[in-house]
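> Need coordinates for the below:
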Amino acid sequence: MDYKNLVVDALEPVLDGANQKDIYDRIEVPKESKMGDYAFPTFTLAKTMHKAPQIIAQEISEKIDQVKFEKVEVAGPYLNFFLDKKSFSNEVLTTVMKQKASYGQNEDGKGGKVPIDMSSPNIAKPISMGHLRSTVIGNSLALILEKNGYSPVKINHLGDWGTQFGKLITAYKLWGSEEEVKADPINKLLEYYVRFHKEDQKNPELDDIARDWFKKLENGDEEAITLWKWFRSESLKSFKYIYDKLGITFDSFNGEAFYNDKMDEVVELLEDKGLLKESQGAQVVDLEKYNLNPALIKKTDGATLYITRDLAAAIYRYRTYDFVQSLYVVGAEQTNHFKQLKAVLKEMGYDWSDNIHHIPFGLITLNGKKLSTRSGRVVLLDEVLNDAIKLASQQISEKNPDLKDAKQVANDVGVGAVIFHDLKNERTNSFDFNLAEVVRFEGETGPYVQYTRARAESILRKAGDIEIDENISISDTNAWETLKALESFPNTIKRAALAYEPSIIAKYALALAKAFNKYYANSKVLTNDQELGARIALVKSVSMVLKESLRLLGVKSPQEM
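Purely as a prediction, here's the structure:
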C-alpha cells in the first residue's frame, strides 16, 4: 500500500480544485519521525487563498477527516501527518510474512527481454579490478530488473578480436614459448603484451608486424587462427574461475569475433540508405544534426571499427531477443561512442534504438591512480578477492573462533564486501579502493549488513517455535523506523530499476540494518508478552528483506557470522 494516498484522500475533499496528482507530488517526508511520517506544505496555496501559509495549515487541519491517522499536527506552514502505528505495523508485517522472498516483486516489465552487455574482459589478459564495476553493476541490474518483471539476458561481450591480437601474436612469436604459456597462461600472455608496448616505443616497426599478423588473422591464416583459439580457450577457463568466485553467470559469451560475418550487412544497409559518405578516404555517417562528430564506419584501408561491430551486435540482439530495453554497462569514457551508435541506428530507421541505454560508471582508482594494462599497473581481481577473504577470515577468528563453516562464511563475507563496496557508490562516481575499509564489520559495509542479518537469525534461533497469529501489530515506538523501512522496500526496488542504480538497494540495506540495530539496542525482543509474536514477525521480516536486498546486489547472506 502507498500510504501517501491516505494523505491525498484526506486532503482532496478540502482543497478546492486540487487534483490528486498535484497533492501527491507536494507531499514530503520529514527528516525525523517526531515531525510526522508525511508533511504537506501550504506555501503554494497562499497565492490563491490570499492568506498566510500558517493560517491555511490551521484551517485545513480543522476540516480534514483524521480518523485514519494517529494524529495530524500543524507546524507553521506544514500539516504533519502521523500514521496509525497499529494498523501500519499489522499491514506491513502481515504482507512480508505472507510474501517472504517475493516481497517487492512486481510485473512492471511484463516479461520483456533486456540484453545487458557487461563485464567484457579482453582475451589473453587477466580480469583486473578495472573489470569489477561493469561485472557487478551489470549482474545487480539483471537481478533488479528480474524483480521488476523483466527477463534479463546477461551478455559477456568478450574482447576477442582486434589489433591487440596482432600485437599478442607478434610478442608470442618473438619472446614466448608454448611451454611457458601452458604453465601459466594468463600471466604469461599479459607479460608478453606489456613487453610489446614497452618494446614498440623503441622499435616502431613492431606495430607494422602486429598489423600484418592481425590481417592474417582476419584472412583466416591457419597459424594465426590456431593461436587465437588457444589464447581464447585458456582465457575463458581463467575467467570462469573468477566469475564462479563472484557467483556470477552469463547467458551468452558472444564477443567481438562473433560479429565478424555480420558487419558486411551493416555496411550494405548503410550504403542502401545513402548514409555512407567518403571523408579523406574513409567511410563515415554524418551525425551533424545530432551535434555529434561523424561516425567512422570504415577506415581508409577498409578495416571496420568498434562502432561497425556494435551496430551489427545491436541489430542481431534486436532480431534475436526483440528487446524492450538493451543496456550497455560500460565506463563513462565511452559515452560519445554510444551516442553515435544510437544516432546511426536512428538514421537507419530503427526506432527501437530509443530503447538502447548506455549505463556509464566511474573509475576505480588505487592510491589515486588509474589502473592500466598497457603500463603493467594491473591489480588482479582474483588477488583482491583472496585478500578480502583472508581479512574476513581473520576477523571471524577473532570474533567467533568456533563458527561452523567458517571457511565458507569468510568467502561469502570477503567477496560480498568487495561487491557491496562497489555497489554502494553511485555508479557514475569514481572511488579509491582501500581493502581494509571494505572488509570492516562496522560502518557502511557489506559485512555490517550481513552481520545484522545473521544477528536477526540468531534471535530467531533463540526464540524457537513461537506461534504468530494474523493480528500482529507493534506499539513500541522504537520499532517505527524499522517498520517504515520495511514498507518502503517495494518502492525502492522500482526506483533502482528506473534509475539503473544498484546503490539505491545498497543504501536501503544499510538504512534497514541501522534501524533494526537501533531497535534491538533499545527494546527487548524476547520478552514473553502479548506482542512477542509481532516482534518475532518483525525480526523475521528484517532477516528476509536484508537477505533479499543483498541477493539483488549479488551478495550472499550467511546464517551465522
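> Just give me the neighbour total for residue 66.
Other residues near residue 66 come to 12 when the count uses other CB atoms under 10 Å. C-beta: built from backbone N, CA, C; applies to glycine.
> what about it, which SS state?
coil (DSSP: H, G, I helix; E, B strand; the rest coil).
> Need the nearest residue in space to it, chain neighbours excluded.
residue 72 (4.9 Å; CB to CB, 6 or more residues apart in numbering).
> Can you tell me the element the one you found falls in?
Per DSSP states H and E, residue 72 falls inside strand 69-75.
> in what helix or strand does the closest residue to residue 173 other than its chain neighbours lie?
Of all residues not flanking residue 173 in the chain, residue 213 sits nearest, at 7.9 Å (CB to CB, 6+ apart). Here residue 213 sits within helix 205-218, counting by DSSP H and E.
> can you pull the buried residues of that helix?
Using 16 or more other CB atoms under 10 Å as the test for burial, helix 205-218 gives 206, 209-211, 213-214, 216-217.
> same thing with stretch 548-561?
For stretch 548-561, by 16+ other CB under 10 Å, it's 548-558, 561.
> for stretch 48-63, same thing?
Buried residues in stretch 48-63 (16+ other CB under 10 Å): 53, 56-58, 60-61.
> Show residues contacting that stretch.
Stretch 48-63 is touched from outside by 11, 14-15, 40-43, 45-46, 72-79, with contacts defined as CB atoms under 8 Å, 6 or more residues apart in numbering.
> List only those of these flagged as buried.
With burial judged by 16+ other CB under 10 Å, the buried subset of these is 11, 15, 40-42, 45, 72, 74, 77-79.
> Which members of these occur in strands, if any?
Of the buried ones among the contacts of stretch 48-63, the ones assigned to strands by DSSP state E are 40-41, 72, 74, 78-79.
> what's the helix or strand for the nearest residue to residue 546 once chain neighbours are set aside?
Spatial nearest neighbour of residue 546, excluding adjacent residues (CB to CB, 6+ apart): residue 453 at 4.1 Å. Using DSSP H and E, residue 453 sits in helix 446-463.
> and for that helix, what are the contacting residues?
By CB under 8 Å, 6+ apart, helix 446-463 touches 392, 395, 412-413, 416-421, 424, 438-442, 509-510, 513, 516-517, 520, 525-526, 536, 539-540, 542-543, 546-547, 549-550, 555-561.
> If any of those residues are buried, give me the ChimeraX selection for them.
What follows is the ChimeraX syntax for the buried subset of the contacts of helix 446-463, where burial is set by 16+ other CB under 10 Å:
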select :392,395,412,413,416,417,418,419,420,421,424,438,439,440,441,509,510,513,516,517,520,525,536,539,540,542,543,546,547,549,550,555,556,557,558,561
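> The lowest-mean-pLDDT helix or strand in the chain pairs with which strands, parallel or anti?
The weakest-scoring helix or strand in the chain, judged by mean pLDDT, DSSP states H and E, is strand 369-370 (a mean of 72). With DSSP bridges as the test, strand 369-370 is paired with strand 364-366 (antiparallel).
> any idea of the mean pLDDT for the partner strand?
Mean per-residue pLDDT for strand 364-366: 81.
> Show me what it is in contact with.
With contact meaning CB under 8 Å, 6+ apart, strand 364-366 is reached by 129-130, 132-133, 371, 379, 422, 430-433.
> Apply 7 Å and report the result again.
The contact list for strand 364-366, computed with CB atoms under 7 Å, 6 or more residues apart in numbering, reads 129-130, 132-133, 371, 379, 430-433.
> Can I get the buried part of these as one ChimeraX selection?
Paste this into ChimeraX to select the buried members of the contacts of strand 364-366, with burial taken from 16+ other CB under 10 Å:
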select :129,130,132,133,371,433
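> Let me have the contacts of strand 364-366 in TSV, adding pLDDT, secondary structure and distance to residue 22 as columns.
Putting those into TSV (pLDDT from 0 to 100; DSSP: H, G, I helix; E, B strand; the rest coil; distance: CB to CB, whole Å) gives the following:
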residue	pLDDT	secondary structure	distance to residue 22
129	88	helix	48
130	86	helix	47
132	94	helix	44
133	95	helix	40
371	65	coil	49
379	82	coil	52
430	90	coil	39
431	88	strand	39
432	86	strand	44
433	83	coil	46
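> Need the max-distance pair from the contacts of strand 364-366.
By the measure CB to CB, 379 and 430 form the most distant pair in those, at 15.0 Å.
> okay, the strand holding residue 72 in CSV with CA atoms only?
Taking C-alpha atoms only, strand 69-75 is exported to CSV below (Å, rounded to 0.1, in the frame of the first residue of the first chain):
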residue,chain,number,x,y,z
PHE,A,69,-4.2,8.8,11.4
GLU,A,70,-2.8,8.7,14.8
LYS,A,71,-2.8,12.5,14.7
VAL,A,72,-2.4,15.5,12.4
GLU,A,73,-0.4,18.4,13.7
VAL,A,74,0.2,21.9,12.4
ALA,A,75,3.8,23.1,12.5
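> before we move on, the earlier item: could the contacts of strand 364-366 be laid out in CSV, adding distance to residue 478?
CSV is the format used below for the contacts of strand 364-366 (distance: CB to CB, whole Å):
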residue, distance to residue 478
129, 41
130, 45
132, 39
133, 38
371, 45
379, 44
430, 39
431, 34
432, 37
433, 37
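> All set now, cheers.
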